[in-house]
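Novice: Predicted coordinates and the sequence they were generated for:
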There are 2 protein chains.
Amino acid sequence: MSDLRILYTFTKIYLMFSKGCEYAIRATIYVALQSQRNQCTNLKAIAEEVGSPVAFTAKIMQQLVKNNIVYSVMGPTGGFQMDKERIDQVNLSEVVNAIDGDAIYRGCGLGLEACDASQPCPVHDKFAKIRDDLQKMLEETSIYELATGLEVGMTFLKR
Amino acid sequence: MSDLRILYTFTKIYLMFSKGCEYAIRATIYVALQSQRNQCTNLKAIAEEVGSPVAFTAKIMQQLVKNNIVYSVMGPTGGFQMDKERIDQVNLSEVVNAIDGDAIYRGCGLGLEACDASQPCPVHDKFAKIRDDLQKMLEETSIYELATGLEVGMTFLKR
DNA sequence: GGCATATAGGATAAAAAGGTCTTACAATCT
DNA sequence: AGATTGTAAGACCTTTTTATCCTATATGCC
């Protein structure tokens, strides 16, 4: 790792999702949990609970509302909430798609623009399998499942 | 996708590796192929062949040299080359590690710093499986294998 | 030796992602 | 009515990532 600092300053952990998408997933899980308790959660509480910057979280919540993942309630005692049926229906894939789009499923592992089965990059097939597994996992994982783990105290959203 | 442009300007395809790492993999495969033909390849040729910016590629090649993945030869007729034994030995994981470090195996899918088996984030287990598969794949894939596909004309490094 | 051609390495610049602030406004509660 | 909360959009700032440039140094060849 140390040598890398010649190339990059590098503190970032390069992973699957954009930062905004990570916040979106965490926020959705939290709102789902609160919604199960029939509670509307306001922006500040969400940001605090998922450890995300307030202003940035506001943009992300707007995006989640637009994509019909959560809904918003104006006025005092307002905030964000999820329909109870939606908690079961919405899966991780939907949330990711709302923020990052579907690039994660489509993109080439080596960054080539015109990489597909007919003109594959050297790692095309090997990556395709990993990506398919990822996609399947994201589609099979419901927000309900994740919120439940959080409620039971088995999982955590911060730090 | 269109709605996203409110949040991000977004042309980027957010994936597994940094840009530098993608170039590194492509470059290593190309150098390996040339080395099998006992040819030393200079920077300019590499950059041209893998479609990467010359100056940036120079930095990446330095990194690959430091990590003993390729070696460099100075002076006219110089460039980069791989020991023939190394072509078999080196796997994708080594190349990735040389540029991006091992963050891809360690990092939390939701970006939490203190996420592990004892204090997992809601998607910890599901991500762990995908990441383990990715790691295994990267470790099992040799540069030799990838260079061979390229030589045979089955795979491509550009566009 | 002298020259051409390479890589090495530091400094710097450009672009993208991440994040903040401000302004105007709409809804809803007390 | 007034306070509180979200909506929407734009301008702006900061950090990280990506990329370039310049000078030093090594090597092969004449």
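Specialist: Here it is on my side, so go on.

Novice: Break down chain A into its helices, ranges please.
Specialist: For chain A, the helices defined by DSSP state H cover A:19-36, A:43-50, A:54-66, A:84-89, A:92-100, A:103-106, A:124-140, A:143-151.

Novice: Tell me the helices and strands packed up against the helix-or-strand element of chain A with minimal mean pLDDT.
Specialist: Comparing helices and strands within chain A by mean pLDDT, DSSP states H and E singles out helix A:103-106 as the least confident, with a mean of 85. Under the contact criterion of 3 or more C-beta pairs under 8 Å, 6 or more residues apart in numbering or on different chains; DSSP states H and E, helix A:103-106 touches helix A:124-140. (C-beta placed from N, C-alpha, C; glycine too.)

Novice: Dead centre of chain A: give me the residue that sits there.
Specialist: In chain A, the residue lying closest to the centroid (C-alpha atoms, centre = their mean) is A:I25, at 3.3 Å.

Novice: Excluding sequence neighbours, find me the nearest residue to that residue.
Specialist: Take A:I25 and drop its neighbours on the chain: the residue closest to it by C-beta to C-beta, 6 or more residues apart in numbering or on different chains is A:V95, 5.4 Å away.

Novice: Surely that neighbour and A:R26 touch.
Specialist: No. Look at A:V95 against A:R26 with C-beta atoms under 8 Å: they stay out of range, at 9.9 Å.

Novice: Between these two, tell me which one has more neighbours.
Specialist: Neighbours of A:V95 and A:R26, each counted by other C-beta atoms under 10 Å in any protein chain shown, are more numerous for A:R26; the result is 29 against 26.

Novice: Name all residues that make contact with the more buried one.
Specialist: A:V50, A:G51, A:S52, A:L157, B:L110 (C-beta atoms under 8 Å, 6 or more residues apart in numbering or on different chains).

Novice: can you rerun that using 6 Å?
Specialist: A:V50, A:L157, B:L110 (C-beta atoms under 6 Å, 6 or more residues apart in numbering or on different chains).

Novice: Out of those, which is nearest to DNA strand D?
Specialist: If you rank the contacts of A:R26 by distance to DNA strand D using C-beta to the nearest atom of the strand, A:V50 comes first, at 13.6 Å.

Novice: Of the contacts of A:R26 - the most surrounded one?
Specialist: With neighbours set by other C-beta under 10 Å, the maximum within these is found at B:L110, which has 27 neighbours.

Novice: thought that one was touching B:P122?
Specialist: No. Counting by C-beta atoms under 6 Å, no contact exists between B:L110 and B:P122, whose distance comes to 7.3 Å.

Novice: list residues touching both of those two?
Specialist: Counting by C-beta under 6 Å, 6+ apart, B:L110 and B:P122 have no shared contacts at all.

Novice: and A:M74, how many residues sit next to it?
Specialist: Applying other C-beta under 10 Å, we find 7 residues neighbouring A:M74.
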